[in-house]
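Participant: Sequence first, then the predicted structure:
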Amino acid sequence: MKQLHLDHVAHFNGEVNIPGSKSISNRALLLAALAKGRTELTNLLDSDDIRYMLTALGKLGISYQLSEDKTRCLVDGNAAPFDMAAPLTLFLGNAGTAMRPLCAALTLGHGQFDLTGEPRMEERPIGDLVDALQQLGADIEYLKNPGFPPLRIHGTGLNGGKVQIAGTLSSQFLTALLMVAPMAKTAVEIEVLGDLVSKPYIDITLALMQKFGVTVQNHNYQRFEIPAGQQYVAPGKLLVEGDASSASYFLAAGAIAGGEVKVTGVGLQSIQGDVKFADALAKMGADIEWGDDFIIARGSKLHGINMDMNHIPDAAMTIATAAIFAEGETCMTNIYNWRIKETDRLSAMATELRKVGAHIEEGNDYIKITPPDNVIHADIDTYNDHRMAMCFSLLAFAECGVTINDPDCTSKTFPDYFERFSALSR
Ligand SMILES: O=C(O)C1=C[C@@H](OP(=O)(O)O)[C@@H](O)[C@H](O)C1
Ligand SMILES: C=C(OP(=O)(O)O)C(=O)O
C-alpha cells in the first residue's frame, strides 16, 4: 500500500484556485446531455466521479468533446431521453452523483440498462429513489440486494402524477427525481416525506435546472410542482464554480496554521451550500473574509463548537480534524448520513481521531471530539474515502506530522490534492 508521510508544516500561505465542483459538474453534464443544443462547460472537474458520468453518457450515444486538460467540455444534447436498441451496462464506480441521477434519467427513454459500481456502491442505499420512480411507472429490478445497486432498468417512459419520496437518508434521491420530472408524460407533484437531509444540495439542483430553462415550484422543500412538457435547453456557456467541499481543506489549513489562505472560484455568489463551512470555521474563531468569488481564512486561536452540521455533510468532516487544533470539545450533530457515504464516516472518523490521541464519543448521528494535549503521530487509514485522506492532511500541522495511507483515493474528487497542499506548505 502506498503511504504519504507529511512532515510538520509550520507555515501555510497562498492562493488556490479550486477545481470545479463535483456536484455541479455531474448535474450539468447530465442536463446538457438531455438538453436541446450545445453546452460549453468550463472549469469542469477532472476526477473519477466525473469520468464515470462522461463515460456513461458516451455509451448512451452522447457526443462530447473534452479539452486536453479535461476541464472544458462541449456537449451536444440529445433533446430527448436516452434510447438504446442494445442492452447496456454502465459502471459508475462509487459516484453517488452519477448513480442516482442516471438511475432516474434512464427510466425516461427506452432500452435495458444495468447500473453497477464498486463494492461500496452496493452497500449505499437507493431504495427510496427506486420506490419513487416505481410510483411513476418505472420498471427497475435489483440485481443483488433489494434496495441497493446493481440495478436493471427497463426504460418505458415515466408517467406524471403525484409521487412521494423519503428525504431522510440522502438528498440525491430527490435531486434525481427533480431532474427527470420535467420530462415525464404529465405534470409531476413531489411530496417529500420526513426531514430532508443535506437540503442545500437541492438548491444546486434547482439552480441548474433553471439555467437549463426548466421551471419548478418549490413549496418549502416539502412539495414541488413540475409542469409537464418542458424541454431542457442548453444555456450556451456554463462556468462550473470551484468545489466548496474541496475548498474546506485549504480554508481550515489557513485557520489552523496562522497564515493567510485565499481560495478562488467559490465565494458569496456560490450556489453550493458547502460554502457555509466558512461560517462554521468562523464560529470556531477563524478570521474569514468573503468576496463574490473568493474566501480568505486567516489564522487565529480556534475553539471547539457545538453545531448541527446536516447542511454541510461533506465539509463537516474538515471541522472534525480542525477540532484537533481547537481548545475544548467540538460536538457535531445530525450527521447520521455520514454512515452511508464512501465508508461509514462516523466510525472511520472516530477510529482515526482516536489514533492521534483524541477522546471521542461516537453516537448514532453525532460525534464529540476532545482534542489531545499532545497529538500522536499515526498512520491514518483512509477507507477508500477521498475526504478521509484530505481532512487528515491537516494533522500535518501537528509537531509530529502524519502519515496518510492510500493517498491516491483523493482521485474521486481531487486527484492532485496533495500536490496543491504541498505547494502552500512551508
Ligand atoms: O447532490 C449532491 O451533489 C451531493 C449530495 C450530498 O449527498 P447526500 O444528499 O446523500 O447527503 C453530498 O454528500 C454528496 O457529496 C453530493
Ligand atoms: C458523499 C460523497 O460522494 P457521493 O457523490 O458519491 O455521494 C462525497 O463526495 O463526500
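Facilitator: Looks like it arrived, so ask away. Remember, it's a predicted structure, so these values are computed and weren't measured experimentally. Ligands and ions are numbered 1, 2, ... in the order given.
Participant: mind listing what the closest residue to W290 other than its chain neighbours touches?
Facilitator: Excluding its sequence neighbours, the residue lying closest to W290 (Cβ to Cβ, 6 or more residues apart in numbering) is L268, at 5.1 Å. Placement of C-beta: from N, CA and C, glycine included. Going by Cβ atoms under 8 Å, 6 or more residues apart in numbering, L268 touches 290-292.
Participant: Against ligand 2, how distant is L268?
Facilitator: Shown here: L268 relative to ligand 2, a distance of 23 Å by Cβ to the nearest ligand atom, to the nearest Å.
Participant: Also A33?
Facilitator: 18 Å.
Participant: and that residue, that one's in a helix?
Facilitator: Yes: residue state for A33 (DSSP: H, G, I helix; E, B strand; the rest coil) corresponds to a helix.
Participant: can you pull the pLDDT of the nearest residue to it once chain neighbours are set aside?
Facilitator: Nearest residue to A33, sequence neighbours excluded (Cβ to Cβ, 6+ apart): I62, at 4.5 Å. The per-residue pLDDT reported for I62 equals 98.
Participant: what does R426 give?
Facilitator: 89.
Participant: show me what contacts the closest residue to it other than its chain neighbours?
Facilitator: Of all residues not flanking R426 in the chain, H11 sits nearest, at 3.8 Å (Cβ to Cβ, 6+ apart). H11 makes contacts with 257-259, 425-426, as judged by Cβ under 8 Å, 6+ apart.
Participant: confidence score at Q272?
Facilitator: Q272 carries a pLDDT score of 98 in this model.
Participant: Pop out the phi and psi values for I360.
Facilitator: Phi and psi for I360, reported as degrees, to the nearest 10, are phi -120, psi 130.
Participant: Tell me the bridge partners for it.
Facilitator: Beta bridges link I360 to I369, judged by DSSP bridges.
Participant: All the helices of the stretch 1-150 of the chain, in order from the start?
Facilitator: 22-34, 48-59, 96-105, 127-135 (DSSP state H, counting those that start in this stretch).
Participant: Switch these over to a markdown table; also include mean pLDDT, mean neighbour count and distance to ligand 1.
Facilitator: A markdown table is the format used below for the helices of the stretch 1-150 of the chain (pLDDT from 0 to 100; neighbours: other Cβ atoms under 10 Å; distance: least, Cβ to the nearest ligand atom, whole Å):
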| stretch | mean pLDDT | mean neighbour count | distance to ligand 1 |
| --- | --- | --- | --- |
| helix 22-34 | 98 | 27 | 3 |
| helix 48-59 | 98 | 21 | 9 |
| helix 96-105 | 98 | 27 | 5 |
| helix 127-135 | 98 | 20 | 11 |
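Participant: hmm, back to that, which two of the contacts of H11 have the greatest separation?
Facilitator: G258 and S425 (13.0 Å; Cβ to Cβ).
Participant: more neighbours, these two?
Facilitator: S425 (20 against 15; other Cβ atoms under 10 Å).
Participant: measure the more buried one to ligand 1 for me?
Facilitator: In terms of Cβ to the nearest ligand atom, S425 sits 26 Å off from ligand 1.
Participant: Same question for S248.
Facilitator: For S248, the distance to ligand 1 (Cβ to the nearest ligand atom) stands at 12 Å.
Participant: What is the three-state secondary structure of that residue?
Facilitator: Under three-state DSSP, S248 comes out as helix.
Participant: Hmm, it is touching A315, no?
Facilitator: Yes: under the criterion of Cβ atoms under 8 Å, S248 makes contact with A315 at 4.0 Å.
Participant: and the two? which has more neighbours close in?
Facilitator: A direct count of neighbours by other Cβ under 10 Å for S248 and A315 places S248 higher, at 32 against 28.
Participant: Could you measure from that one over to A320?
Facilitator: Distance from S248 to A320, counting by Cβ to Cβ, to the nearest Å: 11 Å.
Participant: okay, and the common contacts of the two?
Facilitator: C391.
Participant: mind listing what the nearest residue to P87 once chain neighbours are set aside touches?
Facilitator: Spatial nearest neighbour of P87, excluding adjacent residues (Cβ to Cβ, 6+ apart): Q112 at 4.1 Å. Going by Cβ under 8 Å, 6+ apart, Q112 touches 84, 87-88, 152-155.
Participant: what number of residues lie near E141?
Facilitator: 12.
Participant: Need the nearest residue in space to Y142, chain neighbours excluded.
Facilitator: With Cβ to Cβ, 6+ apart, the residue lying closest to Y142 is L151, at 6.3 Å.
Participant: what pLDDT does that neighbour get?
Facilitator: 98.
Participant: next one: D344
Facilitator: Taking D344 on its own, its pLDDT is 98.
Participant: Tell me the spatial nearest neighbour of it, not counting adjacent residues.
Facilitator: W338 (7.4 Å).
Participant: Quick check: phi and psi on the one you found?
Facilitator: phi -60, psi -30.
Participant: Check T264 too.
Facilitator: phi -120, psi 150.
Participant: OK, contacts around the closest residue to E225 other than its chain neighbours?
Facilitator: Closest residue in space to E225, ignoring its immediate chain neighbours: Q217 at 4.2 Å, by Cβ to Cβ, 6+ apart. Residues counted as contacts of Q217 (Cβ under 8 Å, 6+ apart) are 224-226.
Participant: Identify the residue spatially nearest to the closest residue to ligand 2 within the chain, adjacent ones excluded.
Facilitator: Scanning the chain for the residue nearest ligand 2 gives G96, at 2.7 Å (criterion: Cβ to the nearest ligand atom). Closest residue in space to G96, ignoring its immediate chain neighbours: Q172 at 5.4 Å, by Cβ to Cβ, 6+ apart.
Participant: before we move on, what about A86?
Facilitator: A86's closest residue in space is G111 (Cβ to Cβ, 6+ apart), at 7.8 Å.
Participant: Redo the helices of the stretch 1-150 of the chain as TSV? Include distance to D379.
Facilitator: Converted to TSV, those look like this (distance: least, Cβ to Cβ, whole Å):
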stretch	distance to D379
helix 22-34	27
helix 48-59	24
helix 96-105	28
helix 127-135	36
